[in-house]
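*Asks:* using only what follows, build the 3D model:
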Amino acid sequence: MDILDFIWGVFLNFIEFFIILIVVGIIFLYIYDKYVQRKHALLINYPVIGRFRYFFEALREPLRQYFAEETFYSSKDKVDWVYKAAKDVPNYQSFSVSQPFSGSRFIIKHSSNVLNDNEISDDTSVVFGKDREFPFVSHTPIIRSAMSDGSLSPEAIRAFSIAGATTNLTINTGEGSLTSNHLFTHKPNLKDCDYLEIIKTSLFAETAFKIVKKIFNSALAMKLYRTILLNKKTQNTYIYDTASHVLFRVNWSAPLESFPKEPPKDIPNMIFQMSSGLYGVRDEHGAFDAEKYKKVMTFCRMTEIKIAQGAKQTGGKLAGSKVTADIAYYRGVPEGKDIFSPNRFPYADTTSHLLDFVEILQKLSLKPVGFKIVISDANSVDEMVREIVSRKAQGKNIPDFITIDSGEGGSATAPLELMESVGLTTNNALYILDTILKKYNLRDEIKIIASGKILTPDDAIITMCMGADAVGIARGFMMSGGCIRARMCSGFGSHVCPVGMATQDEKKRASYLVIKKGKEIGNYHINLLKGMKVVLAVMGVSHISKLSKSHLTFKNRNDEIYFDVDKYFHKKLNV
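*Replies:* Got it, this is the predicted structure:
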């Protein structure tokens, strides 16, 4: 009994001490807010209590998605679908949707004679650059849109690489260039690897790795392993091969002849994106390095020139906090300094100049080349396509594909004044490009990739009905990889990505479970394809190549129904 009384007494004394500490702290904070600080008028007039304003403001964004209606996507159900698909759990809805669709929307026409699953073709491949020496056959019409190593953590890029290699998901490298993390699944042949820098293991490193992994975890063990063998700032640019126990990265100084004759089969199919900063293919003066480009393309299947992306009409931006020694090594830029890419692509001051550069890249790589744009004017698209027609008549090469992105603000780092104010939404832009390419008889020669707010199988099917040959998805894949939409991606604020996915913060990155998330990203991709097959069956369409606008109905905000969507868009866009 005496022991209990003693414990109770200590507890009461602690509570008293704690209360006194709080009271003293509040008094000091009151004096500071009222009489010392001169940054916030609110705190002068309402000391202490005024701080609740900043507290609740800090909580607003992280908690918004849990308590408010979904406003960015058409419903919260679509967001939930992504998370369930990534976990590979049954994705059926009971009773009704939780947030009914409102406003204008597309309606998929069902068939009176729906198909069974076995009547839907399993072939979902899309061929790009059929006239190139090395065409690219994407196994699926789903492409993980451009997201750079640097904007995303190395661990996130590795997870995407796992998903790409295991589920035939095509990966766009993003403007941050091809990095070691894109080669995470590569198993080098040590007898033929002059294109790699190889760091062999040691008995001490192996022993330390096994001990730390046994006591703690593999991530901590790998960090120690790299430090023992490398002891350099760019140690994370090396990938660990579990089979041979070596660390490796690409040896860009090796002669071109040493590089693989074709992309290794154990890495994802990749689209190399080249931005105005020419990261990964620039020389020491920042100019285009043709030899480095040819080396990069030994790992990639085709090239996308980034003219514009989403709300980014002014060149990509990467905060200095994200420019680690590793990222500086990959991109060829100073460490720790903000990277603001030039607004205009250096070889695209005119459309003709851009198309000339496209042809140069086609001849250097012998692979498909296209470019990514945002559309806001039908006349400018018409001028661009007429320039392509002119080149074709002269016997010159033309682009193999054009990627169009939504003008809606979906980029992690873009000026607010451009978000939702520059560029058309995906389906409007897609209709314009598809219509004008058909007008000049180029549609069969130029593939279209469309991206922007595509999350679920029906989104993908609608986009392909509108004319896209393939769809690019960024945010859906981010969410499948663990993103909780906290909107702290940019690196310019005081907070960083809380799940370690879109940050270079080492503590946050250490929590990212690469293998687990790689599998979940792959699950999302697989379930997208399964869901698309379900929709195709209901539509009575046996193959994705047979999709067209005739399979859609459009309802506007006034409940006017357009069974022929061409009539709606002709009236709306005057094209």
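
*Asks:* give the buried residues for stretch 191-202.
*Replies:* Burial within stretch 191-202, assessed by neighbour count using 16 or more other CB atoms under 10 Å, is assigned to 193, 195-199, 201. Where you see a C-beta, it was placed from the backbone N, CA and C, and this is true even at glycine.

*Asks:* and stretch 288-297, by the same measure?
*Replies:* 288-289, 292-297.

*Asks:* I'd like these written out as a markdown table, with distance to Gly50 added.
*Replies:* Converted to a markdown table, the buried residues of stretch 288-297 look like this (distance: CB to CB, whole Å):
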| residue | distance to Gly50 |
| --- | --- |
| Phe288 | 54 |
| Asp289 | 55 |
| Lys292 | 55 |
| Tyr293 | 56 |
| Lys294 | 61 |
| Lys295 | 58 |
| Val296 | 54 |
| Met297 | 58 |
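
*Asks:* out of those, list just those in helices.
*Replies:* 292-296 (DSSP state H).

*Asks:* out of those residues, which is nearest to Lys109?
*Replies:* Among those, Val296 lies closest to Lys109 (CB to CB), at 43.8 Å.

*Asks:* give me the number of neighbouring residues for the closest residue to that closest one other than its chain neighbours.
*Replies:* Nearest residue to Val296, sequence neighbours excluded (CB to CB, 6 or more residues apart in numbering): Leu178, at 5.1 Å. Leu178 is flanked by 24 other residues according to other CB atoms under 10 Å.

*Asks:* tell me the secondary structure of Leu178, please.
*Replies:* coil (DSSP: H, G, I helix; E, B strand; the rest coil).

*Asks:* surely it meets Ile267?
*Replies:* No: Leu178 is not in contact with Ile267 according to CB atoms under 8 Å; the separation is 10.1 Å.

*Asks:* what do the two both touch?
*Replies:* Shared contacts of Leu178 and Ile267, defined by CB atoms under 8 Å, 6 or more residues apart in numbering, comprise Phe299.

*Asks:* got any ranges where the stretch 51-200 of the chain has weak pLDDT?
*Replies:* 61-74, 94-96, 98-102 (pLDDT under 70).

*Asks:* quick one: the helices in it, in order.
*Replies:* 51-67, 76-87, 154-167 (DSSP state H, counting those that start in this stretch).

*Asks:* what's the closest of those to Thr435?
*Replies:* Closest of the helices of the stretch 51-200 of the chain to Thr435 is helix 76-87, at 27.7 Å (criterion: CB to CB).

*Asks:* report the buried residues of the closest one.
*Replies:* 76-79, 81-86.

*Asks:* stretch 351-366 too?
*Replies:* 351, 354-355, 357-362, 365.

*Asks:* now those in a markdown table, please, with extra columns for distance to Ser421, secondary structure and pLDDT.
*Replies:* As requested, the buried residues of stretch 351-366 are exported to a markdown table (distance: CB to CB, whole Å; DSSP: H, G, I helix; E, B strand; the rest coil; pLDDT from 0 to 100):
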| residue | distance to Ser421 | secondary structure | pLDDT |
| --- | --- | --- | --- |
| Thr351 | 24 | helix | 95 |
| Leu354 | 24 | helix | 96 |
| Leu355 | 28 | helix | 97 |
| Phe357 | 29 | helix | 97 |
| Val358 | 29 | helix | 98 |
| Glu359 | 34 | helix | 98 |
| Ile360 | 34 | helix | 98 |
| Leu361 | 32 | helix | 98 |
| Gln362 | 35 | helix | 98 |
| Ser365 | 36 | helix | 98 |
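
*Asks:* of these, which is the nearest to Tyr32?
*Replies:* Leu354 (57.6 Å).

*Asks:* count the residues that sit near the nearest residue to the closest one once chain neighbours are set aside.
*Replies:* In space, and not counting its chain neighbours, Leu354 is closest to Ala348: 3.8 Å by CB to CB, 6+ apart. Applying other CB under 10 Å, we find 18 residues neighbouring Ala348.

*Asks:* just give the nearest non-adjacent residue to Ile44, would you?
*Replies:* Lys34 (6.2 Å).

*Asks:* I'd guessed that neighbour sits against Ile49; true?
*Replies:* No: judged on CB under 8 Å, Lys34 makes no contact with Ile49 at a distance of 11.4 Å.

*Asks:* thinking again about what came up before, tell me which of the helices of the stretch 51-200 of the chain sits most buried.
*Replies:* Compared across the helices of the stretch 51-200 of the chain, helix 154-167 shows the largest average neighbour count, a mean of 25 (mean count of other CB atoms under 10 Å).

*Asks:* ok, residues contacting it?
*Replies:* Counting by CB under 8 Å, 6+ apart, 144, 147, 149, 152, 169-171, 179, 181-185, 236, 266-270, 326, 477, 481, 500-502, 509, 512, 514-515, 517-519, 521-522, 525-526 sit against helix 154-167.

*Asks:* again, only this time at 7 Å
*Replies:* The contact list for helix 154-167 (CB atoms under 7 Å, 6 or more residues apart in numbering) reads 144, 149, 169, 171, 179, 181-182, 184-185, 236, 266-269, 326, 481, 500-501, 509, 512, 514-515, 517-518, 521-522, 525-526.
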